[in-house]
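Student: sequence plus the predicted model coming up.
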Amino acid sequence: MVKDFNINDLTDQLVRPLNIPFDNASSHYDKFRRDNPLARKLSHSHIPIEPLSGHGYFFDIPKPHSDQRIGYTAKDFVEKCNELLHQVNLSVITDVAYIVGHTDNESDDLDELKKEYEKIRQQQNKIILFGLWITDEHAIQGQGVPILDVGALYVNIDRNTAKHHRLEKHQQVILEVPEDGGVIEFT
């Protein structure tokens, strides 16, 4: 049997890029912040290549015995990252990954992150994240200092390499994300 190929057959076989251009990514993140009232109050990570509504991953709010979900969990984050990495034939999180911020932006201006976002995007092998990090444990009462950041997910590196990246990017803490979804901050 002979099959006639058409343009749709060819485009279905192309691998889509892992990260989208900054203008699209910042639009996704802006929409996420507008649509989610907790996005300005709680620390979170956001993968801007999600559908336009986007998902925020609130790692520090465990709700194991509650039907009420506040965003997506760290385990959801690992599953989504593995799905995205698998789609572009990159290594998935099989043990642990690290989220390392690349900026310290103490303003609410996403445009301040564009240069670093594009620099990470050129590497083509890391998931880029927008993150809001609240520096105070009482952040939900509005007492913390928000740092809007762009960072990357590092897969298949050890803790010492992650620490090296933290120092190189002048970060105070980074997140260790095990495959099981438990997330810890470390310096």
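Tutor: Received, thanks. Only a predicted model underlies this, so the values are computations on that prediction, with no experimental measurement involved.

Student: Tyr117: how many residues sit nearby?
Tutor: Using other C-beta atoms under 10 Å, the number of residues around Tyr117 comes to 24. All C-beta spots, glycine's among them, are computed from the backbone N, C-alpha and C.

Student: same deal with Asn24?
Tutor: A count of neighbours around Asn24, defined by other C-beta under 10 Å, yields 13.

Student: show the contacting residues for His165.
Tutor: 98, 100, 154, 157, 174 (C-beta atoms under 8 Å, 6 or more residues apart in numbering).

Student: the host helix or strand of it: what's the following helix or strand?
Tutor: Secondary structure from DSSP states H and E places His165 in helix 159-168. With elements assigned by DSSP H and E, the helix or strand that comes after helix 159-168 is strand 174-178.

Student: buried sites along that next one?
Tutor: Residues 174-177 are the ones in strand 174-178 that count as buried (16 or more other C-beta atoms under 10 Å).

Student: swap in stretch 100-116?
Tutor: For stretch 100-116, by 16+ other C-beta under 10 Å, it's 100-103, 105, 110, 112-114, 116.

Student: tell me the SS of Ile99?
Tutor: strand (DSSP: H, G, I helix; E, B strand; the rest coil).

Student: ok, the closest residue to it other than its chain neighbours - contacts?
Tutor: Excluding the flanking residues, the one nearest Ile99 by C-beta to C-beta, 6 or more residues apart in numbering is Leu175, at 4.2 Å. Contact analysis of Leu175 by C-beta under 8 Å, 6+ apart lists 45, 59, 98-99, 183-185.

Student: tell me the spacing between Leu175 and Pro17.
Tutor: 24 Å (C-beta to C-beta, to the nearest Å).
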